[in-house]
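**Student:** model this:
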Amino acid sequence: MDPVNGTLRFWAAAREAAGVAEEKYAAATLAQALDAAIAAHGGPDGPLARVLRRCAFVVDGDPVSRRDPATVRLTEGGSIEALPPFAGGAGRR
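**Tutor:** A predicted model of the protein is given here:
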């Protein structure tokens, strides 16, 4: 799978942990985009990683939190919304 370009938006606690409201990604799957964001913002033990573990995700307007992030393919020019629990998100089970 070739990477595509899009925008990752952080809401509430995710925005605070990332230090930005949004950033661009180049990734083929949701898992790759999240891994890159985590690496750029403190690594797997950093505050963003801790918040993202509890987030719900919406990709191009479609809630995908119940799916394995490695199977969620991204589209060129698409968007990912990271929603912490109090902002309407629900942690993965």
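**Student:** next, count neighbours for Ser65.
**Tutor:** Residue crowding around Ser65 was assessed by other CB atoms under 10 Å; the count is 18. Where C-beta positions appear, they are placed from N, C-alpha and C, glycine not excepted.
**Student:** any idea what it is structurally, helix, strand or coil?
**Tutor:** Secondary structure for Ser65, judged by DSSP: H, G, I helix; E, B strand; the rest coil, is coil.
**Student:** cool, Thr7 as well?
**Tutor:** Following three-state DSSP, Thr7 is assigned to strand.
**Student:** that one is in contact with Ile80, isn't it?
**Tutor:** Yes: using CB atoms under 8 Å, Thr7 makes contact with Ile80 at a distance of 7.4 Å.
**Student:** more crowded one of the two?
**Tutor:** Ile80 (24 against 14).
**Student:** now the helices for this structure?
**Tutor:** For the chain, helices defined by DSSP state H occupy the ranges 13-18, 30-40, 47-52.
**Student:** got TSV for those, with mean pLDDT too?
**Tutor:** What follows is the helices of the chain, written out as TSV (pLDDT from 0 to 100):
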stretch	mean pLDDT
helix 13-18	96
helix 30-40	98
helix 47-52	96
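**Student:** and these: which comes nearest Val64?
**Tutor:** Nearest to Val64 among the helices of the chain is helix 30-40; the distance by CB to CB comes to 6.6 Å.
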